[in-house]
Structure formats: C-alpha cells, structure tokens
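Trainee: Sequence and predicted structure are below.
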There are 2 protein chains.
Amino acid sequence: MDRRKRKSREAIFNAFVNLLSKKSFDNITVGEIIEQADVGRATFYAHFETKEFLLKGLCAELFDHIFESELKNNTHRNIFQCDAPNSVFLHLFQHFKKNDNNICKLLSSENNGLFLKYFNDSLIKLIKNHLHEFQNQKPDIVSEDFWISYVTSTFVNTVLWWVEKDMQLSPETITNYFLAVV
Amino acid sequence: MDRRKRKSREAIFNAFVNLLSKKSFDNITVGEIIEQADVGRATFYAHFETKEFLLKGLCAELFDHIFESELKNNTHRNIFQCDAPNSVFLHLFQHFKKNDNNICKLLSSENNGLFLKYFNDSLIKLIKNHLHEFQNQKPDIVSEDFWISYVTSTFVNTVLWWVEKDMQLSPETITNYFLAVV
DNA sequence: TTGAGTTTGTTCGATACTGAACAAATTAAA
DNA sequence: TTTAATTTGTTCAGTATCGAACAAACTCAA
C-alpha cells in the first residue's frame, strides 16, 4: 500500500479509537476524527464512505490480524500487534483483555449494535475455518450452517459476558469456559 | 504551512534527532533518516538539500522557537515546546537541560564543528537583540561588532563547559555565571 | 415553525509525496 | 589498484492529500 495511504489510514484509525475511549460512537463527529487524525476532510472520505464504514474497517483490521497470524506469514503492517498464541479464540480474548485500541469500549457501548453485527459477520468466517475443532461435538440432526451460527453467537455472548464482568477471568480461563460449553 | 509539508518536516526532524541520540552526525546516512522518518527519498531532498542543511534547519527551528517566545505570540507549530521564562539565556539553558530532542548530543559530539557554527550564527542575531542588557558593561574602546562576538562566544563556551560537566549546575545558576562574567 | 448553527458528504485545481530508476560519488575490501 | 557495494542526489510520471468552498441534511433553541 502506498505509504501515504497507510499513514492516513493509521492516523484515522488511531484518532477514532482515541475518541472511542472518551465518548460513544454516535457522539463522535467526522470533524473531530479528522482534527485528531490531522488529515483533511477530503482524505477521510477518500478512505471511508461514512463513519460506519470506518467502524467496519476497524473490525476488518482486527480480524485481518487474527487471520494473518494464523497463516504465520505476518508481513503487512497492521494496527494490532502481538505474539499470536495457538488458539485463535485465546488470541481474540487476549486482544480484548489488552483492550487494544479500546476495542472493548465498542463492545460494552450502548450503541454496540453495529459493531456486534460486524463482529458477528467477521467471526463467522473465522469459525468456519475452525469448524473441525468442534465437529465431533455437533449433533447429527442440526445443519452445518446452524452449527456455525450457534458456535459464533455463543462466542460473542461469552465475550460480552466476560467484558461485562470487567474481564476478571483470565483469557485462558474464559477460553476454556467457551470450549467447555460448545 | 501545508499539512503534508509540516508532517514530513516533523517526521524527518524526529528521525534525525533519534538517530543523533544513537550515533554521530557523520555516521548517519540519509537512507537511515528516511527509513526512520518513513518518507520517500525524494521527499527528503525536497525539504533539505543535504544532511548538513537538515542540521542547519534543526538549529533554525530551535532559535525560531526562542525568538518567537520572545515576541509572545507563539502561534505556529514548532518541534520545541515549553513555557518561556523571562531571560532568553535562561530559556536556552533550560532547553539544553531538558535535552530537547537530544540537542546536547550535537554539542558534545566529536564532530560538533558544523553545529557550533550554526549555533554561533543564530546566537549572534539573538544577542544583538539583547545588546542593551550588556551595554553598560561594554568598554568604550571596543567596537560594537567585537562586543557582540565576545558576548556570543562567551555564551557558547559557557554552554560547552556546562554540558561537559554534565549540566550539574541548575539552568538558573549557570545563567548567573554567564551574566556575571560579561 | 422558523431560523441560526452544526455536520455531512462532494467537488476540484493545486501541490506534495511516492516509488522506482538512474548516474555519479564515496567507501571498503580484495 | 581494481572491484564490488554503498550512498548520494536527481528525475519523472502517477497518485494521494490539501484546502477551501459548497449544497444538503440535521439539530436544537426560540
């Protein structure tokens, strides 16, 4: 990616998450974002159609990172940085625990609907790749699609519950909780 | 200044002073600077003719800040930030004490010749503006030019001596030392 | 409801930056 | 000295960003 694109993109993401740590998504204006990101208005809209797409992009960035660390050839520059563990689920919990870029604020926010939607959508793709890990638990009656949807929503709910309890359990423990129920 | 120019300029300055804190001016290559600054080669040369001009620019930036805080309307964005005291000399000593952007490395470096030259040149302009503070000390025999040169070099030597002694004396004390001898 | 102020999203000419290539100068090693 | 490798400084077509303006949509108090 062109150096300028990468810089603008990172600047906008960083400004966005900084603002998210202070106020809710709905109360953040594009004007505030571009001011904090120190980029022009036209630049913002060259990258993101709307504020919602920015949020979507942030989620994509998170899951890109998760996907990539799976493939082990972590070459491209991503705003999320860590040493990826074996389990993708543990990996995700760890990122939430680290509260990378205040991502948790998005989950526990009053207006988390949009984020949850993206979260869910991205997660489904991830779960599909790891379906084999749950294959033997799947009851024969249910369809695969339903099974994927079930595992995904269970994961989302586990995360929500965990965040609501201020993430007092360790990422390892909550991962085991999740694996135990599905 | 155009947002892009300002950003590139700041990035290059910051990369430069970071490198200066690790190695001497002569051992720093333009390649290293642009890598750390994360800008293209052509961009560097669009801003600075050579590495020497970069150093010159850094000095200018420091003295611009000093001059500006004198005029009290500190509007434009400068890489040096502080609350300016009454005495410009104290102000300068304070910046050295803070070691803003490793500026001291430049003074105590083996190859400080070039920097000292710029330092001296910039300082002369500053001293000229404050000549009235030393006017009653000037012997009648000596010319004004000589007097300026004398005060300037005395200040430079005071700074060098102070830095050499690891700046153990407070900025206030060393300022008084300086004012006492001239 | 009205009107003033804010925010959104778009437009466009001007400009800075990119990336890649290149010859020339410098440095280091053989 | 000769050679290889590094570094310098320049060039240029392609692209992203700038800044400033603008209409349209929205907000909210009067």
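Mentor: Done, it's in.
Trainee: who touches A:Glu172 in this structure?
Mentor: Applying C-beta atoms under 8 Å, 6 or more residues apart in numbering or on different chains to A:Glu172 gives the contacts A:Leu90. Backbone N, C-alpha and C define where each C-beta goes, glycine included.
Trainee: So it: helix, strand or coil?
Mentor: helix (DSSP: H, G, I helix; E, B strand; the rest coil).
Trainee: Now do the nearest residue in space to A:Gln137 that is not next to it in sequence, the pLDDT please.
Mentor: The shortest distance from A:Gln137 to any non-neighbouring residue, by C-beta to C-beta, 6 or more residues apart in numbering or on different chains, is to A:Val182 (6.1 Å). pLDDT, A:Val182: 77.
Trainee: can stretch A:2-14 be found next to DNA strand D?
Mentor: Yes: residues of stretch A:2-14 contacting DNA strand D under C-beta under 7 Å from any atom of the strand: A:Asp2, A:Arg4, A:Lys5, A:Lys7, A:Ser8, A:Arg9.
Trainee: How far away from the center of its chain is the strand or helix carrying the fifth one?
Mentor: What it means is A:Ser8. For A:Ser8, the host element (DSSP states H and E) is helix A:3-20. Centroid separation between helix A:3-20 and its chain, computed with C-alpha atoms, centre = their mean, to the nearest Å, is 16 Å.
Trainee: From the contact count, pick out the helices and strands touching that helix.
Mentor: helix A:30-37, helix A:41-47, helix A:51-71, helix A:103-108 (3 or more C-beta pairs under 8 Å, 6 or more residues apart in numbering or on different chains; DSSP states H and E).
Trainee: quick one on the thing from earlier: quick check: the residue nearest to A:Gln137 vs A:Leu126, distance?
Mentor: Note on A:Val182: its distance to A:Leu126, by C-beta to C-beta, to the nearest Å, is 14 Å.
Trainee: neighbours around the residue nearest to A:Gln137, how many?
Mentor: As a burial measure, A:Val182 scores 14 neighbours (other C-beta atoms under 10 Å in any protein chain shown).
Trainee: That one and A:Val151 touch, don't they?
Mentor: Yes: under the criterion of C-beta atoms under 8 Å, A:Val182 makes contact with A:Val151 at 5.5 Å.
Trainee: Overlap in contacts, these two.
Mentor: With C-beta under 8 Å, 6+ apart, A:Val182 and A:Val151 have common neighbours A:Phe134.
Trainee: that older thread, just the helices and strands packed on helix A:3-20: most buried one?
Mentor: Of all the helices and strands packed on helix A:3-20, helix A:103-108 has the most neighbours on average by mean count of other C-beta atoms under 10 Å in any protein chain shown, namely a mean of 19.
Trainee: per-residue confidence averaged over it?
Mentor: For helix A:103-108, the per-residue pLDDT averages 72.
Trainee: Summarise which helices and strands that helix is packed against.
Mentor: Here helix A:103-108 touches helix A:3-20, helix A:51-71, helix A:88-98, helix A:113-129, helix A:144-164, going by 3+ C-beta pairs under 8 Å, 6+ apart.
Trainee: Pick the most deeply packed of those helices.
Mentor: Buried most deeply of the helices and strands packed on helix A:103-108, by mean count of other C-beta under 10 Å, is helix A:88-98, with a mean of 19.
Trainee: relative to helix A:144-164, how tilted is that one?
Mentor: When axes from the mean of the first three to the mean of the last three C-alpha atoms, to 10 degrees is applied, the directions of helix A:88-98 and helix A:144-164 differ by 30 degrees.
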